[in-house]
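K.L.:
sequence first, predicted model second:
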Amino acid sequence: MEKSCTLLIHFDKGTPAIANEIKEALEGNDVAAKIDAMKKAIMLLLNGETLPQLFITIVRYVLPSEDHTVQKLLLLYLEIIEKTDTKGRVLPEMILICQNLRNNLQHPNEYIRGVTLRFLCRLNETEIIEPLIPSVLQNLEHRHQFIRRNAILAVMSIYKLPQGEQLLVDAPDMIEKVLSTEQDPSAKRNAFLMLFTCAQDRAINYLLTHVDRVSDWGELLQMVVLELIRKVCRTNRAEKGKYIKIIISLLNAPSTAVIYECASTLVSLSSAPTAIRAAANTYCQLLLSQSDNNVKLIVLDRLNELKSSHRDIMVDLIMDVLRSLSSPNLDIRRKTLDIVLELITPRNINEVVLMLKKEVVKTQSGELEKNGEYRQMLIQAIHSCAIKFPEVASTVVHLLMDFLGDSNVASAIDVVVFVREIIETNPKLRVSIITRLLDTFYQIRAARVCSCALWIIGEYCLSLSEVESGIATIKQCLGELPFYSVSEEGEGTDASKKTPQANSITVSSRRPAILADGTYATQSAASETAFSAPTVVQGSLASGNLRSLLLTGDFFLGAVVACTLTKLVLRLQEVQPSKVEVNKATTQALLIIVSMLQLGQSSVLPHPIDNDSNDRIVLCIRLLCNTGDDIRKIWLQSCRQSFVKMLSEKQLRETEELKAKAQVSHAQPDDLIDFYHLKSRKGMSQLELEDEVQDDLKRATGEFVNDTDDANKLNRILQLTGFSDPVYAEAYVTVHHYDIVLDITVINRTKETLQNLCLELATMGDLKLVERPQNYTLAPESSKQIKANIKVSSTETGVIFGNIVYETSNVHERTVVVLNDIHIDIMDYISPAVCTDAAFRTMWAEFEWENKVAVNTVIQDEKEFLEHIIKSTNMKCLTPVSALDDECGFLAANLYAKSVFGEDALVNLSVEKQADGKLSGYIRIRSKTQGIALSLGDKITLKQKGGN
């Protein structure tokens with residue numbers, strides 16, 4: 001049988017102490033050496049050594065010592081040594097210890113008495129304890145509180161022993177008397193704890209007798225009272241009304257630990273609105289009064305739980321929750337915003353948005369680190385508010401547009417995406433947003449923000465003045481043309497070397513330069529034009545932002561500029577009656593587009609223009625030269641229609657997710673429902689009535705029903721041995737986050753008694769067995785339930801293997817039955833999750849572990865294969881359904897999941913249909929840790945064939 005362990009000490013195995021050295025030190029007179037030797041002996045004993053020769057030395061040389069440290073170490077030594085023989089009888093030499101313990105319990109020094117009483121709490125041998133009981137009881141009335149509180153604990157421990165009730169028949173009576181006269185808070189708490197543990201009815205009686213004075217009791221005693229209330233109410237729900245009143249009276253206690261426990265207890269026991277509101281208010285007070293970030297995060301978790309079950313009550317406290325944004329910690333702010341965004345209603349939206357706007361303005365002062373990240377969170381929160389309640393958009397959109405030029409690119413991208421969505425969903429704001437965007441466009445420094453802003457300008461500049469302003473803004477941000485001079489091209493990007501060579505166009509192998517008026521010039525003319533008023537080639541803050549970005553080689557942005565100019569010119573043709581003006585604008589646009597193309601094809605920049613951008617820019621040139629009605633319709637209408645469709649799909653997806661989150665509860669048709677209007681209300685307070693009603697509602701709506709499907713349990717039973725083996729074993733595996741519990745049933749199928757039957761398990765991977773195996777005796781044809789606990793430390797497929805070993809009376813050798821392996825499935829640890837495309841791309845770039853799995857399946861339909869992989873891997877498809885529509889023989893999708901350990905799993909699936917109908921391609925898995933990438937890859941390899 002495995003021993004219980006009451007002591008854990010770190011031990012460095014590299015330098016083990018030798019028993020003879022310890023013995024010599026103990027026999028000497030040096031107290032410091034004795035202390036050191038006792039510590040070494042204790043550590044050796046804790047690590048499996050027996051050291052039988054030390055016992056007599058310790059009795060002779062350590063027992064008489066008057067040093068307190070030596071005496072304390074002696075008690076620790078006695079605590080961990082083996083006190084019984086193999087048959088469970090107390091060793092005779094322990095009688096020597098008994099006398100010493102009795103002397104200690106009557107020692108004049110309070111410390112010696114106290115630590116000896118504490119030692120008795122960990123002693124299980126009744127033969128040693130029995131002669132000490134009179135001395136223990138005398139200490140209950142000692143003048144010093146340290147001794148009294150330990151004496152009460154010793155009485156409780158003795159009473160809880162198997163023969164404890166015979167050893168101390170009247171212990172509850174004695175402790176009850178002590179409780180009524182005791183003044184020390186700790187001793188009083190220990191006495192109440194003893195009654196709570198060993199005589200619950202007496203504890204309840206004492207509590208209800210002194211119910212008016214509970215709020216004056218000490219913090220420790222109040223905590224035990226709350227524990228008692230929880231226990232009583234779980235077993236007897238009918239009486240919880242009177243106990244809830246006690247909890248509410250304790251909500252005004254001075255101790256924050258007590259009021260936190262009160263709030264938690266209220267939420268777990270009652271659904272009455274009054275009780276939940278009191279608990280929520282308490283949490284909000286703690287949130288504001290506590291400075292510890294960990295406490296704040298725990299309280300926010302509790303509020304988050306309340307939000308899902310009691311949203312109506314939490315809505316009233318939204319502004320109190322928002323006040324925790326004053327904390328500089330980003331995790332606290334993120335959690336606060338997540339809670340608040342789900343509590344927004346038409347009544348409180350204006351207050352919330354006003355508060356968020358104030359916080360955004362505060363982030364402009366560069367006092368705190370991570371202001372940019374916090375601003376990004378606030379912008380996303382405001383975006384979410386404006387989508388749910390479009391009427392608030394007008395109050396925030398202009399403030400946020402000040403941050404389009406933010407140095408934090410992610411924050412600026414969030415702003416421009418918000419503006420893009422608002423300009424479509426709020427037509428009334430279109431004119432003011434476009435005007436503001438054109439005014440602030442020059443401040444934008446990030447290419448991705450510029451691209452999105454240009455798209456908005458191209459789509460939503462509708463009137464003549466807006467189109468003309470749009471073209472003028474783009475021209476201003478591109479700066480003077482051309483983008484480079486011929487002499488510069490010849491000498492790379494070094495503008496300081498200006499030594500032009502006089503070559504004519506016909507002889508020069510270099511391309512001639514295009515001047516501002518659209519004409520060509522020889523190299524010398526170009527030099528004069530370019531350098532008569534020197535311009536900054538590598539765009540600086542002095543030149544336009546678009547020019548700076550183009551000269552860094554960003555030709556995707558160049559293609560976006562070309563498309564925007566094309567759209568604006570096409571729209572100008574519709575709104576401008578003067579053909580001359582239209583032609584003038586067209587030629588100017590063509591000049592800019594051709595200049596960008598020339599820049600891309602020159603050797604001024606280290607990288608030439610990419611083919612995609614080149615094709616797009618050339619398409620714009622062709623369009624401006626010759627536009628048909630169908631093409632015009634595609635460019636001026638279809639883009640916007642696609643965007644509208646994307647927004648509606650996003651809204652639909654969010655609605656579906658909200659529906660999926662909604663609780664599905666089932667009420668049993670034969671459940672009893674009390675009609676509280678017909679019930680007797682005598683002696684019931686308003687709170688008790690409310691609680692009764694809420695319980696009835698829960699029963700009616702099925703919230704009390706546990707929805708675990710018993711049929712699913714059968715799928716988790718694994719056969720460990722064969723039917724013909726003398727011992728049959730099967731395991732039921734329960735996986736709960738960091739713990740795996742194996743509930744193993746072992747059946748003796750023989751006619752003999754199996755002795756010393758032991759289930760020996762071992763693990764592979766990041767799994768650890770918590771306890772050592774025990775030996776059992778199994779009668780003929782009987783069964784035994786054995787539990788094994790295993791700790792998991794990472795998302796990695798692990799294997800549990802082992803065997804059953806036993807002896808029989810007629811065979812002296814041990815028989816071994818080898819068990820089937822138990823494979824712990826990674827699917828138990830990962831669950832579908834959602835993240836933004838930007839976050840996915842960032843993680844994809846950062847994660848270093850990649851597992852590439854080739855597609856090998858009998859499935860011939862791309863979408864069916866994707867669905868099969870999603871189902872097999874328990875992941876969420878981030879690619880919208882619309883992007884997967886239609887048949888094109890190719891499919892690419894991103895999948896995402898999170899593990900219970902907080903690890904991210906990213907999967908990209910790319911498949912193509914071959915001419916023979918088979919699918920080919922790759923599934924790439926990326927993660928921060930190797931385990932999840934390998935385990936998920938193995939799972940996909942195993943499951944991807946399809947069919948089952």
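P.N.:
Perfect, I can see it now.
K.L.:
could you point out the helix or strand that follows the one helix or strand in the chain whose mean pLDDT sits lowest?
P.N.:
Sorting the helices and strands of the chain by mean pLDDT, DSSP states H and E puts helix 523-532 at the bottom, at a mean of 34. Going down the chain from helix 523-532, the next helix or strand is helix 545-550, by DSSP states H and E.
K.L.:
which other helices and strands does that following helix contact?
P.N.:
Applying 3 or more Cβ pairs under 8 Å, 6 or more residues apart in numbering; DSSP states H and E, one finds that helix 545-550 contacts helix 447-460, helix 464-478, helix 555-575. (Glycine included, C-beta is placed from N, CA and C.)
K.L.:
can you tell me the average pLDDT over that helix?
P.N.:
What helix 545-550 shows for mean pLDDT is 86.
K.L.:
put the alpha carbons of it into CSV.
P.N.:
Output of helix 545-550 as CSV, limited to C-alpha atoms (Å, rounded to 0.1, in the frame of the first residue of the first chain):
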residue,chain,number,x,y,z
ASN,A,545,3.4,60.1,-49.1
LEU,A,546,2.5,58.1,-52.3
ARG,A,547,5.7,59.1,-54.0
SER,A,548,7.8,58.0,-50.9
LEU,A,549,6.1,54.6,-50.9
LEU,A,550,6.4,54.2,-54.7
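K.L.:
next one: Glu864 from Asp338, what distance?
P.N.:
Counting by Cβ to Cβ, to the nearest Å, the gap from Glu864 to Asp338 is 36 Å.
K.L.:
ugh, typo on my part, it should be Cys835
P.N.:
14 Å.
K.L.:
for the stretch 601-750 of the chain, what are the low-confidence residue spans?
P.N.:
660-715, 737 (pLDDT under 70).
K.L.:
now with 90, please.
P.N.:
Residues of the stretch 601-750 of the chain that meet the criterion pLDDT under 90 lie in 601-609, 622-718, 722-725, 732-743, 750.
K.L.:
give me the neighbour count for Asp612.
P.N.:
11 (other Cβ atoms under 10 Å).
K.L.:
ok, and for whichever strand or helix holds it, which residues are buried?
P.N.:
Using DSSP H and E, Asp612 maps to helix 611-625. For helix 611-625, a neighbour-count test (16 or more other Cβ atoms under 10 Å) marks Ser613, Asn614, Arg616, Ile617, Cys620, Leu623, Leu624 as buried.
K.L.:
residues contacting the second one?
P.N.:
The neighbourhood of Asn614, defined by Cβ atoms under 8 Å, 6 or more residues apart in numbering, consists of Phe555, Leu597, Gly600.
K.L.:
before we move on, what about Ala410?
P.N.:
Contacts for Ala410 (Cβ under 8 Å, 6+ apart) come out as Gly372, Glu373, Gln376, Ala838.
K.L.:
which two of those have the greatest separation?
P.N.:
The most widely separated members of those, counting by Cβ to Cβ, are Gly372 and Ala838 (14.9 Å).
K.L.:
more neighbours: these two, which one.
P.N.:
Per other Cβ under 10 Å, whichever of Gly372 and Ala838 has more neighbours is Gly372, with 17 against 13.
K.L.:
the spatially closest residue to the more buried one that is not a sequence neighbour: neighbour count?
P.N.:
Once flanking residues are discounted, Gly372 sits nearest to Asn408: 3.0 Å by Cβ to Cβ, 6 or more residues apart in numbering. Residues near Asn408, counting by other Cβ under 10 Å, number 19.
K.L.:
roughly how far apart are Asn408 and Ile112?
P.N.:
To Ile112, Asn408 is 65 Å away according to Cβ to Cβ.
K.L.:
could the helices and strands packed on helix 545-550 go into CSV alongside distance to Leu325?
P.N.:
Below are those laid out as CSV (distance: least, Cβ to Cβ, whole Å):
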stretch, distance to Leu325
helix 447-460, 26
helix 464-478, 36
helix 555-575, 36
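K.L.:
among these, which is nearest Ala381?
P.N.:
That would be helix 447-460 among these, by Cβ to Cβ, at 19.4 Å.
K.L.:
export the closest one to CSV, keeping only CA atoms.
P.N.:
What follows is helix 447-460, C-alpha atoms only, in CSV (Å, rounded to 0.1, in the frame of the first residue of the first chain):
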residue,chain,number,x,y,z
ALA,A,447,1.1,51.3,-47.8
ARG,A,448,-1.8,49.1,-46.7
VAL,A,449,-3.7,52.0,-45.2
CYS,A,450,-3.1,54.0,-48.4
SER,A,451,-4.4,51.2,-50.6
CYS,A,452,-7.6,50.9,-48.6
ALA,A,453,-8.1,54.7,-48.5
LEU,A,454,-7.5,54.9,-52.3
TRP,A,455,-10.2,52.3,-52.8
ILE,A,456,-12.6,54.4,-50.7
ILE,A,457,-11.8,57.5,-52.7
GLY,A,458,-12.3,55.6,-56.0
GLU,A,459,-15.6,54.1,-55.0
TYR,A,460,-17.3,56.9,-53.0
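K.L.:
what mean pLDDT does stretch 802-822 get?
P.N.:
Here the average pLDDT along stretch 802-822 is 85.
K.L.:
Cys835 and Asp338: who's more crowded?
P.N.:
Applying other Cβ under 10 Å to Cys835 and Asp338 shows that Cys835 carries more neighbours, namely 17 against 14.
K.L.:
next, the residue nearest to Gly372: phi, psi?
P.N.:
Here is the backbone geometry of Asn408 (degrees, to the nearest 10): phi -80, psi 100.
K.L.:
residue contacts, it?
P.N.:
Gly372, Glu373, Arg375, Gln376.
K.L.:
distance of the nearest residue to the third one once chain neighbours are set aside relative to Asp331?
P.N.:
To tie it back to what came earlier, the one meant is Arg375. Closest residue to Arg375 apart from its sequence neighbours, by Cβ to Cβ, 6+ apart: Thr363 at 4.3 Å. Distance, Thr363 to Asp331, using Cβ to Cβ: 17 Å.
K.L.:
can you give me the first-to-last residue distance of stretch 214-224?
P.N.:
With Cα to Cα, to the nearest Å applied, stretch 214-224 spans 11 Å between its terminal residues.
K.L.:
okay, buried residues for that stretch please.
P.N.:
Residues of stretch 214-224 classed as buried: Val214, Trp217, Leu220, Leu221, Gln222, Met223, Val224 (neighbour count, 16+ other Cβ under 10 Å).
K.L.:
now the helix holding Asp612 against helix 555-575, angle please.
P.N.:
Orientation check (axes from the mean of the first three to the mean of the last three Cα atoms, to 10 degrees): helix 611-625 against helix 555-575 gives 20 degrees.
K.L.:
burial measure for Ser291, as a count.
P.N.:
The local packing of Ser291 (other Cβ under 10 Å) involves 7 other residues.
K.L.:
would you mind measuring from it to Pro328?
P.N.:
11 Å.
K.L.:
tally up the residues packed near the closest residue to Asn293 other than its chain neighbours, please.
P.N.:
Once flanking residues are discounted, Asn293 sits nearest to Asn329: 4.9 Å by Cβ to Cβ, 6+ apart. When neighbours are counted by other Cβ under 10 Å, Asn329 registers 14.
K.L.:
might one say that Asn329 is in contact with Ser291?
P.N.:
No: counting by Cβ atoms under 8 Å, Asn329 sits too far from Ser291 to count as a contact (10.8 Å).
K.L.:
perfect, that will be all.
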